[in-house]
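Asker: the amino acid sequence is not available; the structure is as follows:
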């Protein structure tokens, strides 16, 4: 048995060319416990191995975590590879070319799985906050220095998350202690100004959290 990632999906590899694909979404968790352990009311699935049990739980009223069983590498990629580049596997020049390939908003470009794999809502909001860039700034308006800043911070955020999970729990959608994500009307952890929020479809295709002081070029209205 082996493991790997495909964007935000965790891939478990088994004999006979079988793959188990897990997407935790926001509230899903994986726990590695003693053999035969039970996960209580939030348990969605359990995989029993010789030396332990892998539990999938989801502590949310709306169940969004997903499991798929796929046979064959070709089928796996056909079903779950959206074509986006892994930010940690490309250099600055490749990142810049993909980011500016079409003149989209920054928020949209970072969260489209066909452009970049594994960034999503939470990371995009945190990346843009630390880069001090508006979520609705157009990629065609970015300077070379701004693109490099986004690339550098994206690496920092993703590397920090991949090194954080312990042997007992894994969470891949939210980057630890957030500065603006999911903090509407609370203080931005950079400057203490109130975080603003825009629901999906209002100004971008995804819901967006941002700080009006740290990202002063934003034209988004609450």
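Answerer: Arrived safely. Predicted, not measured: the structure shown is a model, and the values here were computed from it.
Asker: now what about stretch 52-61, what contacts it?
Answerer: Contacts of stretch 52-61 with the rest of the structure, by Cβ atoms under 8 Å, 6 or more residues apart in numbering, involve 22, 24-37, 39-40, 42-47, 64-65, 67. For every residue, glycine as well, the C-beta is placed using N, CA and C.
Asker: again, only this time at 6 Å
Answerer: 27-33, 35, 37, 39, 42-47, 65 (Cβ atoms under 6 Å, 6 or more residues apart in numbering).
Asker: these, buried ones only, as a ChimeraX selection?
Answerer: Of those, the buried ones can be selected in ChimeraX as follows, counting by 16 or more other Cβ atoms under 10 Å:
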select :27,28,29,30,31,32,39,44,46,47,65
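Asker: in strands, which of the contacts of stretch 52-61 appear?
Answerer: The strands, defined by DSSP state E, take in 28, 29, 30, 31, 32, 33, 43, 44, 45, 46, 47 from these.
Asker: flag the least confident of these.
Answerer: On pLDDT alone, residue 28 ranks lowest of these, at 84.
Asker: quick one, what contacts that residue?
Answerer: Per Cβ under 6 Å, 6+ apart, neighbours of residue 28: 58, 65.
Asker: and for residue 67?
Answerer: residue 22.
Asker: which helix or strand contains it?
Answerer: strand 66-71 (DSSP states H and E).
Asker: buried residues in that strand?
Answerer: Residues of strand 66-71 classed as buried by neighbour count (16+ other Cβ under 10 Å): residue 70.
Asker: quick check: mean pLDDT across it?
Answerer: 86.
Asker: stretch 116-124 now?
Answerer: 87.
Asker: hang on, residue 122 in a helix?
Answerer: Yes - checked against DSSP: H, G, I helix; E, B strand; the rest coil, residue 122 lies within a helix.
Asker: show me which helix runs longest in the protein.
Answerer: helix 144-163 (DSSP state H).
Asker: other SSEs contacting it?
Answerer: Packing partners of helix 144-163 (3 or more Cβ pairs under 6 Å, 6 or more residues apart in numbering; DSSP states H and E): helix 92-99, helix 120-131.
Asker: quick one: the shortest one to chain centroid distance?
Answerer: Relative to its chain's centre, helix 92-99 lies at 19 Å (Cα atoms, centre = their mean, to the nearest Å).
Asker: what's in contact with whichever helix or strand comes after that helix?
Answerer: Using DSSP H and E, the helix or strand that follows helix 92-99 in sequence is helix 106-111. By Cβ under 6 Å, 6+ apart, the surrounding residues in contact with helix 106-111 are 99, 115, 119, 120, 124, 135, 137, 139, 204, 205, 206, 208.
Asker: where does the prediction get shaky in the chain?
Answerer: Counting by pLDDT under 70, the chain has low-confidence residues at 1, 7, 76-77, 79-83, 161-176, 201-205, 217-222.
Asker: now with 50, please.
Answerer: Scanning the chain for pLDDT under 50 picks out the ranges 163-173, 218, 220-222.
Asker: how near is the residue of the chain positioned farthest from its centre to residue 5?
Answerer: Distance from the C-alpha centroid of the chain peaks at residue 50, with 31.3 Å (Cα atoms, centre = their mean). Using Cβ to Cβ, to the nearest Å, we find residue 50 at a distance of 24 Å from residue 5.
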